[in-house]
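1. mind looking at a prediction? Sequence and model below.
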Amino acid sequence: MTSVDRNKIAVLLKEEAGKTVMAKGWVRTKRGNKNVAFIALNDGSTINNIQIVCDMKKFSDEEMKPITTGACICVTGQLVESQGSGQRVEIQAEEIQVYGTADPETYPLQKKGHSMEFLREIAHLRPRTNTFGAVLRIRHSMAYAIHKFFNDKGFYYLHTPLITASDAEGAGAMFQVTTLDISNPPRKEDGKVDYAQDFFGRQTNLTVSGQLEGELGALALGEIYTFGPTFRAENSNTPRHLAEFWMIEPEMAFYEIKENMDLAEEFIKYLVKYALDNCMDDLKFLNDMFDKELIARLQSVISTDFVRLTYTEGIDILEKSGRKFEFPVYWGVDLQSEHERYLVEQHFKKPVILTDYPKDIKAFYMKQNDDGKTVRAMDVLFPKIGEIIGGSQREENLEKLQNRIAELGMGTESLWWYIETRKFGTAPHSGFGLGFERLLLFVTGMANIRDVIPFPRTPKTAEF
């Protein structure tokens with residue numbers, strides 16, 4: 001083949017016509033007649049295909065036959081101004097090499113619409129679709145933007161353990177990590193499993209949150225963030241839950257609840273603006289194909305101040321709404337998605353930050369208010385999603401923390417190190433968690449959380 005360096009299609013589409021180029025990628029479609037064939041080629045670098053024009057005087061039917069939807073090819077030719085609409089330049093093919101064929105009878109991604117459910121069954125191929133190419137490019141951009149935001153603000157990226165002996169949320173929905181023979185584990189005299197013989201010498205689990213270890217980092221480095229996989233063994237088959245997902249958890253020494261809210265609002269606006277500034281081709285595709293209000297909704301978030309109100313004020317609004325909710329509303333209830341979305345989408349029509357929740361529905365580590373009933377929690381609620389960020393000021397008072405742990409009947413053996421930080425140089429501190437996939441649901445307009453992660457892990461599903 002002619003010796004030319006390969007360029008990505010995203011680059012070629014911006015180049016000036018009049019030179020020899022090489023493109024490699026997968027065939028989206030092929031059409032034509034006995035005189036000319038048109039191939040739409042995509043290499044994953046952009047939502048846009050480049051058109052390959054094949055003069056059939058240069059290519060035999062035998063050469064063109066294996067070039068079908070899904071085949072992988074290398075094309076060398078002249079980059080010329082496009083005759084048709086829809087693209088500025090195209091490639092007049094001079095040589096084509098087929099790397100891999102795709103049998104039209106068995107290749108599942110033929111040129112037709114596919115349901116999201118069907119694509120989940122072929123997650124090994126779905127990144128090749130326009131939709132999932134767009135989602136995965138946006139996912140990358142959002143991950144990069146998260147690191148950039150915190151780095152530019154002077155935060156330190158802390159790696160917290162994936163294997164842990166503590167349950168940060170006190171929820172108990174954890175995946176166990178063990179090297180014991182589960183069909184015949186060693187047992188103590190009382191019949192209980194003898195975890196002293198396990199790899200770590202104790203019972204361990206996959207983490208549900210990096211927060212507790214993150215707090216330790218913040219009480220030394222000032223401002224840190226974690227960004228890694230987290231695991232919840234909840235039997236939740238909903239469009240908003242995964243068993244394995246990614247979480248961003250900043251923790252900040254000397255931040256009280258107001259600074260925590262300010263950071264959460266600044267952070268999420270930064271990410272949405274970054275997507276609008278850097279992912280517009282993909283956003284336009286998703287806007288046109290799935291959610292006609294997507295771009296307008298993203299733009300509205302960065303141009304509006306989030307509403308801030310207490311849980312008690314929120315309950316009052318819900319009770320007076322006249323709306324019949326599936327889950328009844330009363331002070332002390334753990335708000336459901338329908339309640340959160342009513343406040344955001346119907347009442348205020350903008351994002352809401354709710355604070356000062358009843359302590360009985362929140363985790364042990366949240367700072368208690370003087371009223372004895374509420375804690376300095378904060379949840380950021382978004383349209384279409386409900387809760388997208390959850391956080392709080394942390395309880396720095398040793399006595400109050402110990403009393404709360406005792407109230408909840410939690411064992412302190414695995415939390416001794418966390419409690420001890422309140423003995424040595426304790427300080428006011430705060431933090432929050434942003435579910436990465438929840439953010440991506442909002443930014444992409446996708447309806448199901450299984451469609452914003454490459455290989456979803458849900459109850460009874462661990463394929464691929």
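-> In hand now; what should we look at?

2. where exactly do the strands run in the stretch 301-450 of the chain?
-> If DSSP state E, counting those that start in this stretch is used as the criterion, the strands of the stretch 301-450 of the chain fall at 307-310, 352-358, 374-382, 386-394, 429-435.

3. tell me the strands beside the shortest one, with direction?
-> Strand pairing for strand 307-310, using DSSP bridges, gives strand 352-358 (parallel).

4. quick one: the strand it pairs with to strand 374-382, angle?
-> Angle between the axes of strand 352-358 and strand 374-382 is 150 degrees (criterion: axes from the mean of the first three to the mean of the last three Cα atoms, to 10 degrees).

5. got the angle for strand 352-358 vs strand 386-394?
-> Going by the same axes, to 10 degrees, strand 352-358 makes 50 degrees with strand 386-394.

6. what pLDDT, on average, does strand 352-358 get?
-> Mean pLDDT, computed over strand 352-358, is 98.

7. what does it rub up against?
-> 257, 261, 264-265, 306-312, 314, 331-332, 335, 340, 343-344, 369, 373-381 (Cβ atoms under 8 Å, 6 or more residues apart in numbering). (Glycine included, C-beta is placed from N, CA and C.)

8. in ChimeraX, select just the buried ones from those.
-> Filtering the contacts of strand 352-358 down to the buried ones (16 or more other Cβ atoms under 10 Å) takes a single ChimeraX command:
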select :257,261,264,265,306,307,308,309,311,314,335,340,343,344,369,374,375,376,377,378,379,380,381
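
9. got the strands of the stretch 301-450 of the chain as a markdown table, with distance to residue 448 columns?
-> What follows is those, written out as a markdown table (distance: least, Cβ to Cβ, whole Å):
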| stretch | distance to residue 448 |
| --- | --- |
| strand 307-310 | 27 |
| strand 352-358 | 24 |
| strand 374-382 | 16 |
| strand 386-394 | 14 |
| strand 429-435 | 14 |
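
10. tell me who's in contact with the one residue sitting closest to the centre of the chain.
-> Central residue of the chain (Cα atoms, centre = their mean): residue 437, 2.3 Å from the mean position. If you count contacts by Cβ under 8 Å, 6+ apart, residue 437 has them with 242, 245, 246, 449, 452, 453.

11. specify the local secondary structure of the last one.
-> Under DSSP: H, G, I helix; E, B strand; the rest coil, the three-state class of residue 453 is coil.

12. again with the second one
-> Under three-state DSSP, the three-state class of residue 245 is strand.

13. my guess is it contacts residue 453, does it?
-> Yes - if you go by Cβ atoms under 8 Å, residue 245 and residue 453 touch, sitting 7.0 Å apart.

14. quick check: pLDDT value at the residue nearest to the centre of the chain.
-> As predicted, residue 437 sits at a pLDDT of 97.

15. and what of residue 167?
-> 68.

16. do the same with the one 5 residues further on
-> Residue 172 carries a pLDDT score of 61 in this model.

17. just to revisit the earlier point, ok, and the most crowded of the contacts of residue 437?
-> Among these, residue 452 has the most neighbours (other Cβ atoms under 10 Å), with 26 neighbours.

18. can you tell me how far that one sits from residue 445?
-> Counting by Cβ to Cβ, to the nearest Å, the gap from residue 452 to residue 445 is 10 Å.

19. can you check residue 239 too?
-> In terms of Cβ to Cβ, residue 239 sits 13 Å off from residue 445.

20. then residue 388?
-> Counting by Cβ to Cβ - residue 388 and residue 445 are separated by 14 Å.

21. what's the answer for residue 76, then?
-> From residue 76 over to residue 445 the distance is 38 Å, taken as Cβ to Cβ.

22. which parts of this structure are helices?
-> Counting by DSSP state H, the chain has helices at residues 9-12, 61-64, 116-121, 130-152, 211-221, 257-278, 280-289, 294-302, 311-319, 337-341, 398-407, 416-420, 436-444.
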